[in-house]
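Colleague: Okay, here's the prediction I keep looking at, along with the sequence it came from:
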Amino acid sequence: MDRVRDLASTRAAVIFTKSSCCMCHSIKTLFYELGASPAIHELDRDASGREMEWALRGLGCNPSVPAVFIGGKYVGSAKDVLSLHLDGSLKQMLIDAKAIWF
Amino acid sequence: MGTRTVNVSGQNDNSTLTEMPSFVPSIPTSNPMGTEGNSIRSRISDFGTLEQSLGFRIEDAVDLSRNPVFNQLKSSSQAIGTDVQFGTLNKKESQSNPVTMLGSHRENWGETNVADGSPRTDTSTDDTDDKNQRSERGQSTAVMASDSSDKSKEKSGDQKTLRRLAQNREAARKSRLRKKAYVQQLESSRLKLTQLEQELQRARQQGIFISSSGDQSHSMSGNGALAFDVEYARWLEEHNRQINELRAALNSHAGDTELRTIVDNVIAHFNDIFRLKGVAAKADVFHILSGMWKTPAERCFMWIGGFRSSELLKLLVNQLEPLTEQQLMGVYNLQQSSQQAEDALSQGMEALQQSLAETLANGTPGSSGSSGNVANYMGQMAMAMGKLGTLEGFLRQADNLRQQTLEQMHRVLTTRQSARALLAINDYFSRLRALSSLWLARPRE
C-alpha cells in the first residue's frame, strides 16, 4: 500500500495498469486525449506488483486495473473515470491537480 | 416399462399369450371363453410375473385342463411350454374369435397377416413361405383337435401332433427373436429419449426459449441468445407504451410533476434493458455484440453492442430548441465527453483485437516436437481465451456510457425538454426500425 501511495503522489495523474489490459489502454487514451500526461505503472512489470494489486483491491478497485489517482487521491476504476468524465468532474479534477490547464 | 407386466396381466384373452408376453396388447376383448376365460384371467395375473421368458409353464398360466389335446401334449412333453399353448389355443380358437386380434397383433409386429380367417395352430409365426402350409396344417390340425375330442386321439393325432409341436417350437423361437428385437428397439429408443432430454436441458440452460407449461410472464432468467431476444421484445413493447403515455401527457399539456414521473419511469426503464444486457452478456457476449437482436438498419449504426450516445445527442440539439445558453453548453459538453469516452473505448477494443490477432498468429510451424507444438497451441488458446473474456468488460463500459449519457442529459435539461428529447430519440429509432422492415420487404428483381 505504501508503494502505491508513494507512486501515486509522484505525479498529478497516475494510472496503475497491466501490460496486457486493454481497458487500461482505453483509460490511458482518454487521459492523453484530455492533454494529461499520466504516470503509468504496470503492475505485471513491478517486483511488488502482486502486493500493489492486493492493495488496490483493498481500496475497492474492481477490477484492480486500471486504477486512477489524481492529485495523490484514489479516483476509481474505468467505470468511475468514465462516469466522472461524462459529467465534467474529471476534467475539473485534472485542472485542480494541475495535470491540465484547460 | 411397467406396461409389460400390467398389460399382460390385464389380458383376459388367452390368444395374446401367444404373442410376446412383453408386448402390450391392451385390446379390450369380449371374453369368449366364458368360465374358462375367468380362470384364464386369474391365471394370467400370475403370468404377468413370468413375462421374462417365453418358457413359462403353460399350465401355470392357463387353465386348460378341460382341453383333451392339452392333456395329451402335457403328458408327451413338459418342457414345451409355449408350444403347448399353441396346441390348446387351437381348441380355444375354434370356440371363439380371437383370431382377429391375433391378426391385428401380427400387423403391429409387421407380420403378414395370415388372412384366411380360420383358426390356426402357430399363432405367432408368419413366415410367408410357410404361411400357407401352416395355415393348411393349422386348419387340418384344428379340425383334428376338434375331432380328437370326439374320436380317439391315437394314430393320426400323434403324427400331426409331432408336426405341430415342431411348428410350435419354431414359432416360439421366432417369437423369442422378435421379443429380443423389440426389446433392443425399446432400449435404443429409451437411450435416444435420454439424449434428447439432455439436449433439451442444455438448451434450456443456454436460455433458448422453450415454452413449457409454466408461465412465462416472469421469466427473467434470461441468459442466452433467444431468451434475451424475447426479453428485449418485451422491453421494447413496454418502452413504446411508456413513450405513448409521455406523448399523450405532453400533448395534453400535463403538469410538470406528472411529466417528471413519466420521464423518470422511461429512464428507469432504460436502466432495465442495460441490466438485462449485462446478464445476457455473461452468458453470451457475442450475441449482444453481434446486434442480431436489433433490426438490420439499427445494427448498421451500432457501436459496441448498442447505440452511440454522441450521435444521439447530435440529433437532439436541433430538436430541443429553444435551449438556454447554459443548457446548450451542457448538451454540447456532454456530447463531446461522450465522444471522447467512445473513442477511448473504441481504441481499447482495437488494441484487444490486435492483441488477440498477435496471440493467435504466433505459431512456430514445426520448430519443436509435436508435444511442444501442442503445448504451444494450448498456451496460445489459453491466452486468447483470457483476452476474449475482457470483451464483456468493454460491453459493460459501453452500456454504462449510454446509461450515464441519458441520465446526464436528463439533468441538464428541464423536465419538458427531457420529455421531448426522449420522444425524439424514440422517433429516431422507430424510423430506423421501420426502415429495416421496408428494406427487408423491398421488391427485388
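Modeller: Okay, I see it. Everything quoted here is computed from the prediction, not taken from an experiment.
Colleague: contacts and neighbour counts: CA atoms only from here.
Modeller: Fine.
Colleague: mind checking the longest helix of chain A?
Modeller: helix A:22-34 (DSSP state H).
Colleague: That helix vs chain B: in contact?
Modeller: Yes: residues of helix A:22-34 contacting chain B under C-alpha under 8 Å from any C-alpha of the partner chain: A:22-27, A:29-30, A:33.
Colleague: What helices and strands are in contact with that helix?
Modeller: Packing contacts for helix A:22-34, counted by 3 or more C-alpha pairs under 8 Å, 6 or more residues apart in numbering or on different chains; DSSP states H and E, involve helix A:78-86, helix B:325-361.
Colleague: ok, back up a step: going through the residues of helix A:22-34 next to chain B, which ones are buried?
Modeller: The neighbour-count test (16 or more other C-alpha atoms under 10 Å in any protein chain shown) marks A:22-27, A:29-30 as buried among those.
Colleague: Pull the contacting residues for A:A39.
Modeller: Contacts for A:A39 (C-alpha atoms under 8 Å, 6 or more residues apart in numbering or on different chains) come out as A:11, A:13-15.
Colleague: Tell me the residues of the stretch 301-445 of chain B that contact chain A?
Modeller: Going by C-alpha under 8 Å from any C-alpha, the residues of the stretch 301-445 of chain B near chain A are B:333-334, B:337-338, B:340-341, B:343-349, B:351-352, B:390, B:393-394, B:397, B:400-401, B:404-405, B:408.
Colleague: cutoff 7 Å now
Modeller: B:334, B:337-338, B:340-341, B:344-345, B:347-348, B:351-352, B:397, B:404-405, B:408 (C-alpha under 7 Å from any C-alpha of the partner chain).
Colleague: Would you mind listing which of those residues are buried?
Modeller: Members of these classed as buried by 16+ other C-alpha under 10 Å are B:334, B:337-338, B:340-341, B:344-345, B:347-348, B:351-352, B:397, B:404-405, B:408.
Colleague: and which of these is nearest to B:L432?
Modeller: Nearest to B:L432 among these: B:T405, at 20.7 Å, using C-alpha to C-alpha.
Colleague: and that closest one, what does it touch?
Modeller: A:86, B:309 (C-alpha atoms under 7 Å, 6 or more residues apart in numbering or on different chains).
Colleague: Can you tell me how far it is from B:D264?
Modeller: Going from B:T405 to B:D264 by C-alpha to C-alpha, to the nearest Å gives 14 Å.
Colleague: Check A:M52 too.
Modeller: A:M52 is 42 Å from B:D264, by C-alpha to C-alpha.
Colleague: Ok, B:E238 next?
Modeller: 14 Å.
Colleague: Out of the two, name the residue with the larger neighbour count.
Modeller: More neighbours surround B:D264 than the other of B:E238 and B:D264, with 17 against 14 (other C-alpha atoms under 10 Å in any protein chain shown).
Colleague: Okay, and the more buried one sits in which element?
Modeller: When secondary structure is defined by DSSP states H and E, B:D264 falls within helix B:256-290.
Colleague: name the helices or strands packed onto that helix?
Modeller: helix B:225-251, helix B:391-412, helix B:415-440 (3 or more C-alpha pairs under 7 Å, 6 or more residues apart in numbering or on different chains; DSSP states H and E).
Colleague: give me that answer again for 10 Å
Modeller: If contacts are counted by 3 or more C-alpha pairs under 10 Å, 6 or more residues apart in numbering or on different chains; DSSP states H and E, helix B:256-290 sits against helix B:225-251, helix B:370-389, helix B:391-412, helix B:415-440.
Colleague: most neighbours per residue, which of these?
Modeller: Among those, helix B:391-412 has the highest mean neighbour count (mean count of other C-alpha atoms under 10 Å in any protein chain shown), at a mean of 21.
Colleague: Count the neighbours of B:L200 for me.
Modeller: For B:L200, using other C-alpha under 10 Å, the count is 14.
Colleague: cool, the one 3 residues further on as well?
Modeller: Using other C-alpha under 10 Å, B:A203 is surrounded by 14 other residues.
Colleague: What of A:A47?
Modeller: 9.
Colleague: angle of the lengthiest helix in chain B against helix B:256-290?
Modeller: Counting residues, the longest helix found in chain B (DSSP H) is helix B:156-205. With axes from the mean of the first three to the mean of the last three C-alpha atoms, to 10 degrees applied, the angle from helix B:156-205 to helix B:256-290 works out at 120 degrees.
Colleague: can the helices and strands packed on helix B:256-290 go into TSV with extra columns for mean pLDDT?
Modeller: Shown next, in TSV, are these (pLDDT from 0 to 100):
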stretch	mean pLDDT
helix B:225-251	94
helix B:370-389	86
helix B:391-412	95
helix B:415-440	94
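Colleague: ok, and which of the helices and strands packed on helix A:22-34 has the densest surroundings?
Modeller: Comparing the helices and strands packed on helix A:22-34 by mean count of other C-alpha under 10 Å gives helix A:78-86 as most buried, with a mean of 21.
Colleague: phi, psi of A:L59?
Modeller: The phi and psi values for A:L59, taken as degrees, to the nearest 10, are phi -80, psi -10.
Colleague: Let me see the contact set for whichever residue of chain A sits closest to chain B.
Modeller: Nearest residue of chain A to chain B, counting by C-alpha to the nearest C-alpha: A:S26, 4.5 Å away. Shown in contact with A:S26 (C-alpha atoms under 10 Å, 6 or more residues apart in numbering or on different chains): A:32, A:66, A:78, B:341-351, B:394.
Colleague: If we use 6 Å, what do you get?
Modeller: B:344-345, B:348 (C-alpha atoms under 6 Å, 6 or more residues apart in numbering or on different chains).
Colleague: quick check, nearest of the residues you listed to B:K179?
Modeller: B:G348 (67.0 Å).
Colleague: Hmm, that closest one is touching A:H25, no?
Modeller: Yes: B:G348 is within contact range of A:H25, at 5.5 Å (criterion: C-alpha atoms under 6 Å).
Colleague: got a list of what the residue nearest to the spatial centre of chain A touches?
Modeller: Central residue of chain A (C-alpha atoms, centre = their mean): A:V68, 1.9 Å from the mean position. Residues in contact with A:V68, defined by C-alpha under 6 Å, 6+ apart, are A:14-15, A:75-76.
Colleague: Kindly recompute the last result at 10 Å.
Modeller: A:8, A:13-17, A:24, A:27-28, A:38-40, A:56, A:61, A:74-78, A:80-81.
Colleague: cool, and B:V266?
Modeller: B:238-243, B:246, B:260, B:272, B:419, B:422.
Colleague: separation between the spatially closest residue to B:D284 that is not a sequence neighbour and B:F286?
Modeller: In space, not counting the residues next to it along the chain, B:D284 is nearest to B:G224; the distance is 5.6 Å by C-alpha to C-alpha, 6 or more residues apart in numbering or on different chains. According to C-alpha to C-alpha, B:G224 and B:F286 sit 10 Å apart.
Colleague: Over to B:T261?
Modeller: Distance from B:T261 to B:F286, by C-alpha to C-alpha: 35 Å.
Colleague: How about A:F16?
Modeller: Counting by C-alpha to C-alpha - A:F16 and B:F286 are separated by 29 Å.
Colleague: Give me the more crowded residue out of these two.
Modeller: Neighbour tally, A:F16 and B:F286, criterion other C-alpha under 10 Å: the higher count belongs to A:F16, 27 against 17.
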